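[1] I'd like to go over a predicted model; first the sequence, then the structure.
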Amino acid sequence: TVVITQQAPLCSGDLSVTLAATPAGGTFSGPGVSGTTFSPASAGVGTHTITYTVTENGCPGSGTSSVVVNSTSAPTVAKTSYSIAIGEAMPQLSAVGTGVIIWYNADGDSIGTGASFTPQDVTTSEITYTYTVTQKANSCESTPVTVTVAVTGCAAELPTADNLTVCEGETIVLTATATGLVTWYDATGKTILEVNGSFTPEDVDPGTYTYQVTNTDVCEGAPINVTLTINAKPTAPVTQGAVLCSAAAPGSVSAVGQNIKWYAEESMENLLGSGETLQIDETAAGTYTVYATSENAAGCVSAPASAELHIYPTPDAPVVSSETVCEGDAIPDLTAEGENISWYSDEELLVVVGNSDSLATGKTAAGNYTYYATQFADGCSSSASVATLIINAKPQVSLDGAATACIGEDVTLTATPDGGTLTGEGVSGLIVNT
C-alpha cells in the first residue's frame, strides 16, 4: 500500500518542503516537484496533485495527495511618505487589506496591528523612520510595503516655481511664489542671489542653468530646483540683393539660412513672406530694402540681415535721323540724340556697327538700309530706334530720233524714262527745229 504524508497548506512565498511516502524508493511527480521536494513558488497558487509511484516485489503501485498553496497580496497603503517638522506629532499611518494588517519597525519587529497605526518614535531631531506593513490571510503573510516618516528641521511649504526656456538675448525673469519669503540660491545652495519672488539671473549665454529657491515661513524650508534654458540664436542669413532696370522689374532678392522670413523693416514688424526668395513688387526706379531672418528648431530668431533691390530707370529710345539721297551723291551720316549711343545692323541687336552719336554707314550702292540705335545710362539700355538710309538709283536715259535732218525740218525725239526734260539748241519740248 502506497501512503503519502499529507502536507499542510503552504504559502506561495514559503521555501521548498520535503515530501515523504511509504514504501520508500519511489518517485514523486507533479507541479513544483523536484526529486523529493515541492516548491510552492514553482507550483503557484492553487491545489496541486502530487503522485508517488513505487515498485515493490516486481509489482508497481502509486498514490496521490493534494497540496494547497495560498497567497496574500500586499495591503494598500494610503501614503508611503510623510514629512513633519521637529517637535510635531507622529502622523497616523494607514493601510487596508482583506487580512490582518501587521506593522513592523526598521529592525523587522512587529510594533502594531490594524488598519491605522501611530508610531511612538520621537520627533526631537532630524531623522527618517522606516516602517513596513503586511497583511496575513490563510496563514500566509504578504510581501511588505515600506512607509517612511521624515522629521525635518522646518515645516515650511515648498515654494512654487516654473522652469523657463528662452532664446539668447530675450529678457529673463524667473518667478516663484511661497507662503513666506522667497530666497534664490546658486546651484550649490550656498550663495544667495536674490531675496524676492522675481529674480533676473546674470547668466545670458546659451546653456542650461540651475538655481535653488526656498520658502522662509517662520523657518527656511527645503529648496526646490529651478532650471533656466537659454537657447542660442541662429546666425543671420546670407542675403543676395539684385540690380535691374525698370523695364525688367519687378525683381527678387534671396537668402540662405533656416526657415527664412522676410520683413519690411529692421524691427521685424510687418511680415512680407517666407522662403529663400522674395519678389519685391516695385517697378519705379529706386532702392528698396527688406530684411531676412533665420529661425532654428528651438524657435529662436536670428538678427535681421538686409537685402537691397536697386531699380535703375530704363532710358527712352534715342531720337534718330533717317536720310534719303541719290546714288552718287555724298552719303550723309545717320545721327542719334542720347547717351552712350550704340548702332546695330540687326533687329535682334546682336551686330554692333557703331558706338557714337553718328554712324557712317559706308553704303554707296542704291538700296534701303535699316539701322537700330540704343542709348545706355545708369547700367540700363533703352529700346531701339529705327533709322533708315535710302540711296535712290539714278535713272538710265535713252534718246531716239532722226540722227540727220534737213534745214527747216522738225525732228521729233523719243526719250525714256518719261517725265524728263530735253535741253539744247533748237529744242522745244521733244521737237528739234533745224
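    That came in fine, so what should we check first?
[2] show me what contacts the closest residue to V45 other than its chain neighbours?
    Once flanking residues are discounted, V45 sits nearest to S71: 4.4 Å by CB to CB, 6 or more residues apart in numbering. In this view, the C-beta of every residue, glycine as well, is placed from N, C-alpha and C. Each residue near S71 by CB atoms under 8 Å, 6 or more residues apart in numbering is listed here: 11-13, 45, 140.
[3] What's the PyMOL syntax to select whichever of these are buried?
    Selection of buried members from the contacts of S71 for PyMOL, criterion 16 or more other CB atoms under 10 Å:
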select buried, resi 11+12+140
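[4] Now compare the contacts of S71 and name the two farthest from each other.
    Taking CB to CB as the measure, the contacts of S71 span a maximum distance of 10.6 Å, between G13 and V45.
[5] P159 touches V182, doesn't it?
    Yes. Counting by CB atoms under 8 Å, P159 touches V182, with 5.8 Å between them.
[6] Just give me the residue closest to the centre of the protein.
    A297 (3.9 Å; CA atoms, centre = their mean).
[7] before we move on, back to that, now the contacts of S71 in a markdown table, with pLDDT?
    Shown next, in a markdown table, are the contacts of S71 (pLDDT from 0 to 100):
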| residue | pLDDT |
| --- | --- |
| C11 | 91 |
| S12 | 86 |
| G13 | 83 |
| V45 | 90 |
| C140 | 91 |
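[8] Including secondary structure and distance to T76, could the contacts of S71 go into TSV?
    Formatted as TSV, the contacts of S71 follow (DSSP: H, G, I helix; E, B strand; the rest coil; distance: CB to CB, whole Å):
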residue	secondary structure	distance to T76
C11	strand	20
S12	coil	19
G13	coil	19
V45	coil	19
C140	strand	17
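[9] which of the contacts of S71 lies closest to T152?
    G13 (35.7 Å).
[10] Look up how far K261 lies from the closest one.
    66 Å (CB to CB, to the nearest Å).
[11] Helices along the stretch 101-250 of the chain, start to end?
    Using DSSP state H, counting those that start in this stretch, no helices are found in the stretch 101-250 of the chain.
[12] Tell me the spatial nearest neighbour of L278, not counting adjacent residues.
    Once flanking residues are discounted, L278 sits nearest to W262: 4.5 Å by CB to CB, 6+ apart.
[13] Not counting sequence-adjacent ones, nearest residue to V256?
    Per CB to CB, 6+ apart, closest to V256 is V238, 4.7 Å.
[14] Next one: the one you found relative to L164, how far apart?
    V238 sits 32 Å away from L164, going by CB to CB.
[15] higher neighbour count, these two?
    Between V238 and L164, counted using other CB atoms under 10 Å, L164 has the larger neighbour count: 17 against 13.
[16] Show me what that one is bridged to.
    L228 (DSSP bridges).
[17] Look up how far L228 lies from it.
    Distance of L164 to L228, given as CB to CB: 5 Å.
[18] And N196, by the same measure?
    Noted for N196: a distance of 16 Å to L228, by CB to CB.
[19] cool, A78 as well?
    On the measure of CB to CB, A78 and L228 end up 37 Å apart.
[20] For these two, indicate the residue with more neighbours.
    Taking other CB under 10 Å, A78 and L228 do not tie; L228 has more neighbours (18 against 12).
[21] residues contacting the more buried one?
    Counting by CB under 8 Å, 6+ apart, L228 has contacts 163-166, 172, 174, 201, 203, 208-211.
[22] again with A78
    So A78 contacts 93-96 (CB under 8 Å, 6+ apart).
[23] can you rerun that using 10 Å?
    Contacts for A78 (CB atoms under 10 Å, 6 or more residues apart in numbering) come out as 92-96, 115-116, 147.
[24] now do T1
    22-23, 56, 61, 63.
[25] re earlier: overlap in contacts of G13 and V45?
    69-72, 140.
[26] Which two among those residues are spaced furthest apart?
    With distances taken as CB to CB, the most widely separated pair in the shared contacts of G13 and V45 is V69 and T72, at 11.6 Å.
[27] anything in contact with each of the two?
    The contact sets of V69 and T72 overlap at 11-13, 45, 138, 140 (CB under 10 Å, 6+ apart).
[28] Identify the farthest-apart pair in those.
    Among the shared contacts of V69 and T72, G13 and N138 lie farthest apart (CB to CB), at 12.2 Å.
[29] what touches both of those two?
    Contacts common to G13 and N138, judged by CB under 10 Å, 6+ apart, are 69-72.
[30] Can you tell me which of those lies closest to W343?
    S71 (109.5 Å).
[31] Distance of that closest one relative to S142?
    Between S71 and S142 the computed distance is 8 Å (CB to CB).
[32] shared neighbours, the two?
    Here S71 and S142 share the contacting residues 11-13, scored by CB under 10 Å, 6+ apart.
[33] Under the pLDDT cut-off, which ranges of the protein? List them.
    Residue ranges of the chain with pLDDT under 70: 218, 401-403, 405, 410-411, 413, 415, 420, 424, 426-434.
[34] got the phi/psi numbers for the residue lying closest to N340 once chain neighbours are set aside?
    Nearest residue to N340, sequence neighbours excluded (CB to CB, 6+ apart): F376, at 4.0 Å. The phi/psi pair for F376 (degrees, to the nearest 10) reads phi -130, psi 120.
[35] Test my guess that F376 contacts S382.
    Yes. Between F376 and S382 there is a contact under CB atoms under 10 Å: 7.4 Å.
[36] Which one's more surrounded, these two?
    Counted by other CB under 10 Å, F376 and S382 do not tie: S382 has more neighbours, with 22 against 16.
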